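Trainee: Fold the following, please.
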Amino acid sequence: MTNRQAPTTGIAGYDADSVKVRGKDLVDEIIGSFGFVEYALFQALGERPNTTQVRLVEAVMVCIMEHGLIPSAVASRLTYTGAPESFQGAVAAGLLGVGDRYAGTSSACGKLLEEIAAADDPSGCADQLVKQHREHRTPLPGFGHPIHKGLDPRVEKLLDIARSEPIDGRFLAALETLQDSLNKAVSKPLVTNISAAIPAVLAEAGIPSNLMRGIILIARCAGLVGHVFEEQSAPIGDDMWHAASDSVDYVDTP
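Mentor: Next comes the predicted model:
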C-alpha cells in the first residue's frame with residue numbers, strides 16, 4: 001500500500017480568522033492595495049505584476065470588452081428574455097459563445113507567436129506556419145475581418161500602447177514577421193485584426209497563450225453584464241427573437 005500525498009492548491013485557503021491568497025492576507029495585504037486587474041493576474045500567475053503588465057492587460061480588456069450585438073451578447077439577452085430570474089444564467093450563456101470565431105482566436109494566434117518568438121529562424125518558422133495553414137485550408141487566426149477590410153482601427157492603438165511601455169518587443173516582432181509571411185503567401189493582403197494584436201500585447205505582458213482566453217473571458221463577462229442590465233430596463237430580446245423567427249422560413253422535409 002502506497003501513501004498518497006494529499007492534493008494541494010497554491011491559490012487560496014482560509015481558517016476562522018483569515019483568508020490567504022497566494023501567501024498574502026486578503027484583508028491586511030490585498031483589499032485596498034491591489035487593483036482588480038493586478039489582483040486577477042496575481043491570483044492566476046502567483047506573482048504580483050508590475051505596472052507595465054497591468055497597463056497592457058487592462059488596455060486589452062478595455063479593447064475587447066464590448067463588441068455590440070455579436071452572438072455572445074445576443075445569447076445573453078435572449079436567455080434573459082426566457083429566464084429573467086437568472087442573471088447569472090444569461091451572462092453564462094453569452095460566455096459559452098466565446099470561441100474560435102469570436103474573441104477566442106487570440107489564444108490560437110498567441111501559440112503561433114510564441115512559436116515564432118522562440119524559433120532560431122523566426123521568418124522561416126512563420127513561413128512554415130503559414131504554409132501549414134494554407135495546405136490544410138484553415139484560416140490563420142488573427143487575420144482577415146468581415147467588416148474592417150483595410151485596417152482594424154483598434155490594432156494600432158493597442159500596439160502603440162505596448163510600444164510606449166518598456167517591453168522586450170519579441171512578440172510584437174513575431175506578429176510583424178507572421179504578417180509579412182502571410183502577405184507574401186497570398187495574392188491579396190489580409191488585414192491584421194485585433195485577435196492578432198491582443199496576443200502579441202498579452203505575451204509582452206508575460207501572459208502565456210493558454211491563459212489568454214481567460215483574460216478575454218473576464219473582459220467579455222463585464223460587457224455581458226452591461227447587456228443584461230440594459231435588457232432589464234430597455235429590453236430588445238423579444239424583438240431579436242421575432243426578427244430571427246420572421247427571417248427563417250419553415251420547409252417541410254420528407
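Trainee: which other helices and strands contact the helix or strand hosting L56?
Mentor: Taking DSSP states H and E as the criterion, L56 maps to helix 51-65. Here helix 51-65 touches helix 36-45, helix 153-163, helix 194-204, helix 209-233, going by 3 or more CB pairs under 8 Å, 6 or more residues apart in numbering; DSSP states H and E. Where C-beta positions appear, they are placed from N, C-alpha and C, glycine not excepted.
Trainee: From the rest of the structure, what touches the shortest one?
Mentor: Yep, that's helix 36-45 we're talking about. With CB atoms under 8 Å, 6 or more residues apart in numbering as the test, helix 36-45 has contacts from 11-12, 21-22, 30, 34, 48-49, 53-54, 57-58, 61, 206-207, 211, 214, 218.
Trainee: Let me know the angle separating it from helix 209-233.
Mentor: 140 degrees (axes from the mean of the first three to the mean of the last three CA atoms, to 10 degrees).
Trainee: Can I get helix 36-45 in PDB, CA atoms only?
Mentor: Only the C-alpha atoms of helix 36-45 are listed here, as PDB (Å, rounded to 0.1, in the frame of the first residue of the first chain):
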ATOM      1  CA  PHE A  36      -8.800  44.400  -9.900                       C
ATOM      2  CA  VAL A  37      -6.600  43.600 -12.900                       C
ATOM      3  CA  GLU A  38      -3.500  43.500 -10.700                       C
ATOM      4  CA  TYR A  39      -5.200  41.100  -8.400                       C
ATOM      5  CA  ALA A  40      -6.500  38.900 -11.200                       C
ATOM      6  CA  LEU A  41      -3.000  38.400 -12.600                       C
ATOM      7  CA  PHE A  42      -1.600  37.800  -9.100                       C
ATOM      8  CA  GLN A  43      -4.200  35.200  -8.400                       C
ATOM      9  CA  ALA A  44      -3.600  33.400 -11.700                       C
ATOM     10  CA  LEU A  45       0.100  33.700 -12.000                       C
END
